[in-house]
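*Asks:* got a sequence here, can you model it:
(one chain, ligands or ions: 3)
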Amino acid sequence: MILAGCKVFGMLFSEDVFKRRSEHGGSIEVVCGSMFSGKTEELIRRLRRAQIARLNVEIFKPMTDTRYDEMAVVSHNQNSIPCTPVESSSAILLLGSHVQVVGIDEAQFFDEELAYVCDTLANKGVRVIVAGLDMDYKGKPFGPMPGVMAIAESVTKVHAVCVQCGNPALYSYRLVPDGARILLGEKESYEPRCRNCYNL
Ligand SMILES: Nc1ncnc2c1ncn2[C@@H]1O[C@H](COP(=O)(O)OP(=O)(O)O)[C@@H](O)[C@H]1O
Ligand SMILES: Cc1cn([C@H]2C[C@H](O)[C@@H](COP(=O)(O)O)O2)c(=O)[nH]c1=O
Ligand SMILES: [Zn+2]
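*Replies:* Ligands and ions are numbered 1, 2, ... in the order given. Sure, this is the predicted structure:
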């Protein structure tokens, strides 16, 4: 009971620390994990709290991610928040430099400059919150994600439920025979799996 309480307070305290830091020094937070792990929900939750705190918030996603809605970040359970689709990470630097909080979804699809962009924004005092897949369907680090994770103040790894056995899932298993790294899709093309079920 006491331990559980500490954990909860620890999490809230950590968010408050980042809010205060953003007023002075900026920060980078990463939310990563497999598909269906709740990355977008967590991103939206943090951004909504920032909006409630009356901070100036801008949200971006790659133009290539056309699933659900072109002008909104949408979670698998249809929670959504308006966003600006951009072609490259340099646009985030341009459009995000004068706000207090920047949110980025589907970060794995951005170019390798994303880490530099996040770093520059954080150094200018912006709180940057990045959500993305840490691994592709082959289990390899995805795009700019490892670089952003390396320079972040906080990295939160969330897990889906393995559809095969119910354990926490960290892999996105591809169900269709397509070897391209980028293949947009949902449950028809991917299922979250734990280590054992992924390696079967
Ligand atoms: N196997 C699963 N494990 C966990 N959540 C799932 C699963 N399948 C569907 N969901 C739904 O997906 C939601 C998370 O969606 P989302 O935040 O968009 O995930 P992500 O951005 O990580 O892909 C969950 O709240 C749940 O409603
Ligand atoms: C594993 C993997 C995924 N994708 C695509 C599939 C979806 O369109 C997005 C991930 O969306 P989510 O919000 O995390 O559910 O990425 C891909 O192109 N390549 C992959 O290897
Ligand atoms: Zn499993």
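*Asks:* Three-state assignment for the residue most central in space within the chain, please.
*Replies:* Centroid check for the chain by CA atoms, centre = their mean gives Ala131 as the closest residue, at 0.6 Å. Following DSSP: H, G, I helix; E, B strand; the rest coil, Ala131 is assigned to strand.
*Asks:* what sits against it?
*Replies:* By CB atoms under 8 Å, 6 or more residues apart in numbering, the residues touching Ala131 are Val30, Val31, Cys32, Lys39, Thr40, Glu42, Leu43, Gly103, Ile104, Asp105, Glu106, Ala107. (Glycine included, C-beta is placed from N, CA and C.)
*Asks:* considering only these, which also neighbour ligand 1?
*Replies:* Among the contacts of Ala131, the residues within reach of ligand 1 (CB under 6 Å from any ligand atom) are Lys39, Thr40.
*Asks:* quick check, pLDDT for Thr66.
*Replies:* At Thr66, the model reports a pLDDT of 85.
*Asks:* sorry, wrong one. I was asking about Val148.
*Replies:* Per the predicted model, pLDDT is 98 at Val148.
*Asks:* try the one 3 residues further on
*Replies:* Predicted confidence (pLDDT) for Ile151: 98.
*Asks:* for Lys7, same thing?
*Replies:* At Lys7, pLDDT is 41.
*Asks:* got it, and Asp111?
*Replies:* Looking at Asp111, its pLDDT is 98.
*Asks:* tell me the bridge partners for the closest residue to Cys83 other than its chain neighbours.
*Replies:* In space, and not counting its chain neighbours, Cys83 is closest to Ile59: 4.0 Å by CB to CB, 6 or more residues apart in numbering. Listed by DSSP bridges, the beta-bridge partners for Ile59 are Gly103.
*Asks:* show me what contacts Ile59?
*Replies:* Going by CB under 8 Å, 6+ apart, Ile59 touches Leu47, Val73, Ile81, Pro82, Cys83, Thr84, Val102, Gly103, Ile104, Asp105.
*Asks:* from ligand 3, how far out is it?
*Replies:* Here the distance between Ile59 and ligand 3 works out to 33 Å (CB to the ion, to the nearest Å).
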